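Undergrad: Provide a 3D model corresponding to the input given below.
(chains A and B)
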Amino acid sequence: MPALERPVTKQRPVYLNLVRIRLPLPGIVSILHRLSGLALFLLGLPLLLVGVERSLASPEAFEGFRSALSNPFAKIVLIGLAWAYLHHFCAGIRFLLLDIHQGIELKPARQSSVVVLVVSLALAVLVGVRLW
Amino acid sequence: MVRRIVVGAHYGLKDWLVQRITAVVMVLYTLLWLAIAWYRGGVDYALWQALFANSAFRVATLLFWLALLWHAWVGMRDIWMDYLKPTALRLTFETLTALTLFAYAVWLIDLLWGRR
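TA: Numbering: from 1, shown residues only, chains lettered A, B, ... in the order given. Below you'll find the predicted structure:
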């Protein structure tokens, strides 16, 4: 049957079966973009708001907030969030470039995935060193 | 006939565009902070207070936060749409997300303008 006459039978919305997907490098960057976004929403956003609130309240309130975040467990969480932000930032810029057709061939797309992974990890390590 | 779904995607081009524009706004605000920190050789408490006392900076901060919250809305709704299959569950999570983000926005406006 010609395509024009075929009835539209696609089911929307499309659901993905996560268990059966094998991810290539750009796919890993993409799913990490999503996971880091989720973490930033659940943890980073409320924490940042509380930080803004405390910091504007008084210097003492801000110091209290800082010392509350100075135990090792909190620092690990903060480094994790720093990585989430950095990865989301770098991967997001990569997506914006892809949108304007920069680096959409297979090879540069793979290379930019590696760049995103390495740069965000390296910057997160840098933040971690400064935090500790 | 098109089957409309109340928690569906609304067929998405606007959200796709919003996601990108809000991202650019956030990048610009991040660069603004980096530029300030670089120009002043770091950010101490006095500079922090001075920045937030400046109404142009408060407006820029509000723009950043509105972009952030809208961006979070589009992204989180994408996640709920992809993984939460029962409609009632999806609608519940989307509603909770929207209410949370709205509450954050109100809180932020109160932080920026309500207390001085």
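
Undergrad: in the worst-scoring helix or strand of chain A on mean pLDDT, which residues are buried?
TA: The helix or strand of chain A with the lowest confidence, counting by mean pLDDT, DSSP states H and E, is helix A:59-68 at a mean of 88. Of all the residues in helix A:59-68, those buried under the rule 16 or more other CB atoms under 10 Å in any protein chain shown are A:Phe62, A:Phe65. C-beta coordinates here come from the backbone N, C-alpha and C atoms, glycine included.

Undergrad: centre of the chain to that helix, how far?
TA: 27 Å (CA atoms, centre = their mean, to the nearest Å).

Undergrad: packing partners for the helix or strand of chain B with the lowest mean pLDDT?
TA: Within chain B, confidence by mean pLDDT, DSSP H and E is lowest for helix B:45-53 among all helices and strands, at a mean of 90. When contacts are defined as 3 or more CB pairs under 8 Å, 6 or more residues apart in numbering or on different chains; DSSP states H and E, helix B:45-53 packs onto helix A:45-57, helix B:13-40, helix B:55-83.

Undergrad: close to chain B, is the least confident helix or strand of chain A?
TA: Yes: using CB under 8 Å from any CB of the partner chain, we find that helix A:59-68 touches chain B at A:Pro59, A:Phe62.

Undergrad: keeping just the C-alphas, turn the least confident helix or strand of chain B into PDB.
TA: Coordinates of each C-alpha in helix B:45-53 appear next as PDB, following Å, rounded to 0.1, in the frame of the first residue of the first chain:
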ATOM      1  CA  TYR B  45      30.000  38.300  51.800                       C
ATOM      2  CA  ALA B  46      30.100  42.100  51.300                       C
ATOM      3  CA  LEU B  47      30.100  41.700  47.500                       C
ATOM      4  CA  TRP B  48      27.300  39.200  47.800                       C
ATOM      5  CA  GLN B  49      25.200  41.600  49.800                       C
ATOM      6  CA  ALA B  50      26.000  44.500  47.400                       C
ATOM      7  CA  LEU B  51      25.000  42.400  44.400                       C
ATOM      8  CA  PHE B  52      21.700  41.400  45.900                       C
ATOM      9  CA  ALA B  53      21.000  45.000  46.900                       C
END
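
Undergrad: now do the buried residues in it.
TA: Under the neighbour-count criterion of 16+ other CB under 10 Å, helix B:45-53 has B:Leu51, B:Phe52 buried.

Undergrad: just want the angle from that helix to helix B:55-83.
TA: Helix B:45-53 and helix B:55-83 are oriented at 80 degrees to each other (axes from the mean of the first three to the mean of the last three CA atoms, to 10 degrees).

Undergrad: any idea how far helix B:45-53 is from the chain center?
TA: For helix B:45-53, the gap between its own C-alpha mean and the chain's C-alpha mean amounts to 23 Å (CA atoms, centre = their mean).
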